[in-house]
Each structure stands twice: as structure tokens, then as C-alpha cells.
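Participant: Okay, predicted coordinates and the sequence, questions at the end:
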Amino acid sequence: MENRAASSGSQKLRAGQDQGVFMRIRVLWEGKTKDPHLRALINEYAARIVKFGDFAIEEIPEPKKRSARNPKKLTASENRILEKLRSSTKIFLDPQGSQWTSRDFALWLGQQGVRGTRELAFVVGGPDGFSSAFQAEADLLLSLSPMTFTHDWARALLVEQIYRGFTVLRGFPYAR
């Protein structure tokens, strides 16, 4: 049943692409996901998402040494990330960001494609979060929940919500 749903979703996506609706989604984070179970879960959802379109996860090497941080200045790592995302719509995960329902997120995701957004880039911060200078570069600050999660869990939740968003937009039963 899941394969049939993914197949029909791919057909619908191709039809949408023929109408000029195409969007790439990238998810970036520092370091590797340490928990092997969460890494497997992330990989499972990533494999499902690519059936809907162009999706990539980029693990950025963690800085070898964390220095004292000035919240008003970009760190070297933040500068590297911004350089990669120059032409992207940038969504940074942040506890103070907007909180949406899964349906609201799905509708927003769909609107981005209809509006002609070429690339969405979701960025999950490192253990120290983002500097205020980096946050100011975001097109959207998004919170997954008012609860606190480890970075590994936040990664898995984000990728699952992206998948759920596509299933909501396609009317798949997974979203229920």
C-alpha cells in the first residue's frame, strides 16, 4: 500500500512539475546524528521524501574548536552555511520561532512551491544554537515545539514533518 501511495504521489508531482512547480528542499546541520536509531529513522523519511522531489541532507563538519562567541557576530561556521544558502529561502529551527500545526506547515510548504520558491533550506543549529546575527539572516524562524529536544531528535522530527507535509498535500492516509 505504501509503495502504491508513493507511486501515485510521484505521478502527481511530475504533473505539478510540468506546470512549472518545482522546489528543492535541503536540510543542513552541524555534525553527524549520533543515535543510530534516529539516523536510521532520518534515512527512512529522507528516502520517502525523494519520491516527491529533490531533497538533500547536508551534514556540515562541526568546528574543531568552539571559541567564545559574540552573539552579535556571525561565527565562521555560520558564515560558511550562509554562503551555501545564498539563493535559498532560509528556515532556521529556533525555540522562539513560529509554531504551526502539521497541517499549517504542509499548507505553507505547498504555498512555497506555488509561489515559485526554488529552494527551501532548513537549518538545525548546533549545541550552542544560532547567534542573533545569524538568526537575522533567516527568512523564517520555526519552532518544532515548545518542548526541548536533543539535536538528533529535532533532526528526525523535522524530516518527518517534511514528509508529513507532502502526504497532507497529496491526500495520503499517512497524515492522519
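Facilitator: Nice, thanks for sending it over. Residues are numbered from 1 along each chain as shown.
Participant: ok, and what's touching the lengthiest strand in the chain?
Facilitator: The longest strand of the chain (DSSP state E) is strand 89-99. Strand 89-99 is touched from outside by 112, 117, 119-125, 129-130, 134-135, 137-146, 148, 154, 158, with contacts defined as C-beta atoms under 8 Å, 6 or more residues apart in numbering. Just so you know, the C-beta spots here come from the backbone N, C-alpha and C atoms, and that holds for glycine as well.
Participant: 6 Å instead?
Facilitator: 117, 120-124, 138-143 (C-beta atoms under 6 Å, 6 or more residues apart in numbering).
Participant: Now secondary structure, neighbour count and distance to residue 162 too, for these, in a markdown table please.
Facilitator: Shown next, in a markdown table, are those (DSSP: H, G, I helix; E, B strand; the rest coil; neighbours: other C-beta atoms under 10 Å; distance: C-beta to C-beta, whole Å):
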| residue | secondary structure | neighbour count | distance to residue 162 |
| --- | --- | --- | --- |
| 117 | coil | 18 | 14 |
| 120 | strand | 22 | 9 |
| 121 | strand | 23 | 12 |
| 122 | strand | 23 | 8 |
| 123 | strand | 28 | 13 |
| 124 | strand | 22 | 12 |
| 138 | coil | 19 | 17 |
| 139 | coil | 13 | 16 |
| 140 | strand | 14 | 14 |
| 141 | strand | 17 | 17 |
| 142 | strand | 19 | 11 |
| 143 | strand | 15 | 15 |
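Participant: between the residues you listed, which is nearest residue 79?
Facilitator: Closest approach between the contacts of strand 89-99 and residue 79, by C-beta to C-beta: residue 123, at 13.0 Å.
Participant: Pretty sure the closest one sits against residue 26.
Facilitator: No. Counting by C-beta atoms under 6 Å, residue 123 does not reach residue 26; the two are 8.9 Å apart.
Participant: Helices along this protein, start to end?
Facilitator: 2-18, 36-49, 76-84, 102-114, 132-135, 151-170 (DSSP state H).
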